[in-house]
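Asker: give the three-dimensional model of this entry:
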Amino acid sequence: MKITVYGKELTSWVAAACLARSGNEVTIIENPSNANIRPQPLPAIRVLVNEPGLLDLVEEQIHSGRLVRNLQSETDTTIHWLALNADEISLAKEIVSEETLESGTQRLIVNQSNFGVGATEQLQNLLTHTEQHDVIYLPDLIQEGNAINDFSTPKRLIIGADREWSIIQTNALLRPFSQSADNIQVMAPKEAEFTKFAITGMLAIRIGYINELANLADQINVDIDVIRQGMGADPRIGHHYMSPGCGFGGQNFQEYTRKFSELFEQKSNPSLLATVIKENEVQKELLFRKLWQHYQCDLKGKTVSLWGGSFKPETASIDNAPSLKIIEALLAQQVTVKLHDPQALQNLQEYFGNDHSLEYCDNRYTALENSDALLIVTEWQEYWSPDYSLMLSKMRTPLIIDGRNIFDKEMLQSQGFTYTGIGR
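Answerer: Residues are numbered from 1 along each chain as shown. Down below sits the predicted model:
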């Protein structure tokens, strides 16, 4: 099939690369609103570098000739794939109107953008040849850090379409990927849009609730890890998205959550999500507050180590990451910050610049030298089983504030550390 993908974010690049790998002829238009913008070299595109394996896959597909970077779509393109930013619905309308002017050729428009509930219907209303052209909605179900696998071998698929021919064509388009899916649901586009938002909202509420419980557990001196295990053992609840921490981040997750909350507000309905979003921003400052209290509100001249800067493991992305607020708060208190992250150091350096109080460390133990505290911000696998003796020898004060509860509290205390976690 001949496919044109519109957009320059993670969703568009993953779709373009995976569709090309499955044999399609794919054109990606990164800046459909401005053909005069010169495309960046691939290694300079941050979303390609941040996502494991994506840069290599894109380069491989371009080399094969199945993926082409262009300024406009081919005239014989039959599938147009919209993976645009949330604020680009006007651009999407222009694309749909332009690409469906001609009759005589069947055109399928796939909307995979976060425009909101009812957006696909708005795009459908622009069509003049509805018997040959259709707009369907395909929710973005990929997670940063595992995007290629999520697209290529999805566990479930939701297809928002209500015309028989477009459902048949969508099934054919997704056939290389749908073999792994345990569940494929076809529903109206508006229902599919609502479902995607509802899923994201439910996950955000679960995270917000377990964080709220953990903060209460701190106050009444119970271990949230024990509580979490007890809750997770109930089959009605389970363990998924039930790990307390110092707040969630990420571009897509927060954007969908915010967008869904705004929908409630537009309909004059009070929303749990509005509270979750607000409290999550407060939660991002929790490690700083714990450190502030430990040192009795005087951090000036201290040296603090951070392990983890990306918003989650297995990605270099720092979009809305808790580390950003923590580092900003520490620097404001004239703290020297030593930061380690396996992948995100370059992004953090671009974000903060060369602040003389912020040191970027390639080695996790180097980041501990003369440290008055270690804050665990991202639960990278390499942090789970460190050399405790080496840590003790490096740190000036063996204080660990664990924002992801990755360490065993009793083990660290027996080694001579002062340890505090989230709700522990």
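
Asker: which helix or strand contains the most far-flung residue of the chain relative to its centre?
Answerer: Residue farthest from the centre of the chain, counting by CA atoms, centre = their mean, is Gly104 at 40.2 Å. Assessed by DSSP states H and E, Gly104 sits outside every helix and strand.

Asker: pLDDT value on it, please?
Answerer: pLDDT for Gly104: 71.

Asker: ok, it to Asp76 distance?
Answerer: Using CB to CB, to the nearest Å, Gly104 is found at 12 Å from Asp76. Just so you know, the C-beta spots here come from the backbone N, C-alpha and C atoms, and that holds for glycine as well.

Asker: and for the helix or strand encompassing Glu410, what are the contacting residues?
Answerer: According to DSSP H and E, Glu410 maps onto helix 409-415. Outside helix 409-415, the residues within contact range by CB atoms under 8 Å, 6 or more residues apart in numbering are 223, 388-389, 392, 400, 419, 421, 424.

Asker: distance between it and the chain's centre?
Answerer: Its chain's C-alpha centre and that of helix 409-415 lie 33 Å apart, by CA atoms, centre = their mean, to the nearest Å.

Asker: neighbouring strands - and their directions - for the helix or strand that that helix is followed by?
Answerer: Next in sequence after helix 409-415, counting helices and strands by DSSP H and E, comes strand 418-420. Take DSSP bridges as the rule and strand 418-420 pairs in its sheet with strand 399-402 (parallel).

Asker: roughly how far apart are Phe194 and Leu286?
Answerer: Distance of Phe194 to Leu286, computed by CB to CB: 32 Å.

Asker: what about the helices in the stretch 51-200 of the chain?
Answerer: 54-64, 89-99, 119-124, 147-152, 164-178, 189-220 (DSSP state H, counting those that start in this stretch).

Asker: dump the ones you listed into CSV; add mean neighbour count and distance to Glu265 as well.
Answerer: Converted to CSV, these look like this (neighbours: other CB atoms under 10 Å; distance: least, CB to CB, whole Å):
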stretch, mean neighbour count, distance to Glu265
helix 54-64, 17, 35
helix 89-99, 18, 18
helix 119-124, 21, 17
helix 147-152, 19, 30
helix 164-178, 16, 32
helix 189-220, 18, 13
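
Asker: that older thread, now list the buried members of the contacts of helix 409-415.
Answerer: 388, 400, 419, 421, 424 (16 or more other CB atoms under 10 Å).

Asker: of those, closest to His340?
Answerer: Among the buried ones among the contacts of helix 409-415, Ile400 lies closest to His340 (CB to CB), at 14.2 Å.

Asker: next, work out how far apart the closest one and His133 are.
Answerer: The value you get for Ile400 to His133, if CB to CB is used, is 59 Å.

Asker: equivalent analysis for Glu193, please.
Answerer: 19 Å.

Asker: what element comes up after the worst-scoring helix or strand of the chain on mean pLDDT heading to the C-terminus?
Answerer: When each helix and strand of the chain is scored by mean pLDDT, DSSP states H and E, helix 251-266 comes last, with a mean of 85. Next in sequence after helix 251-266, counting helices and strands by DSSP H and E, comes helix 272-283.

Asker: and that next one, average pLDDT?
Answerer: In the prediction, helix 272-283 has an average pLDDT of 93.

Asker: what's next to it, contact-wise?
Answerer: So helix 272-283 is in contact with 201, 204-205, 207-208, 211-212, 215, 245-248, 254, 257-258, 260-261, 264-265, 322, 325, going by CB under 8 Å, 6+ apart.

Asker: return the list of helices and strands in contact with the following helix or strand past that helix.
Answerer: Counting by DSSP H and E, the next helix or strand C-terminal to helix 272-283 is helix 286-294. Secondary-structure packing of helix 286-294 (3 or more CB pairs under 8 Å, 6 or more residues apart in numbering; DSSP states H and E): helix 322-332, strand 373-376, strand 399-402.
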